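A.B. asks: Requesting a structural model of the entry that follows:
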Amino acid sequence: MNSIKKESINEISEFLLKKVNKRSADVLSARFGLAEEKKQSLSKIGKQLKITRERVRQIEASALKQLKKSKKNEDFDLMLEKIEKIIENNGGLAIGNVISESLVFNLDQIDKNKLMLILNCSSKLVFNKATLKNHSFWVFKNGIDKKSINEVDQFVINQLNEIKKSIKLKDIKKLIFESEWSELFSDETGDKKLTMFLLIDKQLKRNLLGEWGIKNWRSVSERGNKEKAYLVLKKKNKPLHFTHITDNINIYWAYKRSLPQTVHNELIKDDRFVLVGRGVYGLSEWGLKGGTVREIIVSLFKERKNHLSIDEIVEYVFSRKEVKRTTILVNLANQNYFIKNGEGKYLLK
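C.D. replies: I've put the predicted structure just below:
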């Protein structure tokens, strides 16, 4: 789908404001944040215009009702056609950010506010305001109802609390297909529709790995350097130097810069992370071990309790620590700890 030009949003919003009287245009501009990012409250606008907040609400409602019924221009119709297609492709519903990002790349907040006004002037779309439970979203008139969304999301939340771990969308879909909701997601937009359902619920969140979980879970909260470092290592699936972990944190979470030494200090304190080389960390869940090379070799012999070849020992150490082969051989040469038989195999002394 060809994207709409950013200028079109400005032109259409100006066109709409000219179709109502000045007071109504001023109220809409303030309520939607068309001149400044922050949208103004009914009370604040009422004080500025010296009218009650209820009168401001009436003016806003009347102006939007008028704009919905009024004849629009070709640019408006073209934009709404594209917006409706976006919503269709997402299964009949979409949150505001999905619409704006699909329509025009990298809109600033004021342009997003102008787009919100345009959407509110459509006679085919219904806006569901944010609640304590849900984020705001758009649906077609007589389309998917809020009750179905809440019931599906609650089902997913119950399943997640039962299995106690974050999971991918495909795994959630498997759970859905074993439930009464399977038919709702059986068409070609099923994956996108389910994603929209999940994005709407404020209790659910998708982490860096694309896994869905309860928002306050450690695996999805993405709060603090430890959680971010954990997700970076899981995503890269290999040990990294703490400076490289920090670089990735600052790429994925650019809104708040982390410092290498701060990240390093956090990793030292958490037993999920294992120092496997000089400044290099991996995850304990990968089977990595801390300590010296000698200590790792000793733990291998205690586990196996038989003679082992150099290749077997090297492979074991490599899987648990980032070191050079020569370092392992130097440790094996320490006769205070290891002995070698006539076949060149080693055993703990």
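A.B. asks: in the stretch 1-150 of the chain, which segments are predicted with low confidence?
C.D. replies: Where the stretch 1-150 of the chain drops to pLDDT under 70, the residues are 1-3.
A.B. asks: just the strands in it please.
C.D. replies: 93-94, 125-128, 137-140 (DSSP state E, counting those that start in this stretch).
A.B. asks: Throw those into CSV and include distance to Lys235 and mean neighbour count, thanks.
C.D. replies: Yep, even glycine has a C-beta here, placed from its N, CA and C like the rest. Formatted as CSV, these follow (distance: least, C-beta to C-beta, whole Å; neighbours: other C-beta atoms under 10 Å):
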stretch, distance to Lys235, mean neighbour count
strand 93-94, 27, 24
strand 125-128, 33, 16
strand 137-140, 28, 22
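A.B. asks: okay if I get those as TSV plus distance to Leu267?
C.D. replies: What follows is those, written out as TSV (distance: least, C-beta to C-beta, whole Å):
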stretch	distance to Leu267
strand 93-94	39
strand 125-128	42
strand 137-140	39
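A.B. asks: And these: which comes nearest Phe76?
C.D. replies: strand 125-128 (12.9 Å; C-beta to C-beta).
A.B. asks: Output the contacting helices and strands for the closest one.
C.D. replies: Judged by 3 or more C-beta pairs under 8 Å, 6 or more residues apart in numbering; DSSP states H and E, strand 125-128 is in contact with helix 74-89, helix 109-120, strand 137-140.
A.B. asks: one more time with 6 Å, if that's ok
C.D. replies: Contacts defined by 3 or more C-beta pairs under 6 Å, 6 or more residues apart in numbering; DSSP states H and E place strand 125-128 against strand 137-140.
A.B. asks: Check the gap between the spatially closest residue to Ala63 that is not a sequence neighbour and Ser182 for me.
C.D. replies: Leaving aside its sequence neighbours, Ala63 sits nearest to Ser24 (C-beta to C-beta, 6 or more residues apart in numbering; 3.9 Å). Computed as C-beta to C-beta, to the nearest Å, the Ser24 to Ser182 distance reads 47 Å.
A.B. asks: These two: who's more crowded?
C.D. replies: Ser24 (18 against 13; other C-beta atoms under 10 Å).
A.B. asks: Ala94 contacts Glu84, doesn't it?
C.D. replies: No - assessed by C-beta atoms under 6 Å, Ala94 is found out of contact with Glu84, at 10.2 Å.
A.B. asks: Report the set of residues contacting both of those two.
C.D. replies: Between them, Ala94 and Glu84 share no contacting residue under C-beta atoms under 6 Å, 6 or more residues apart in numbering.
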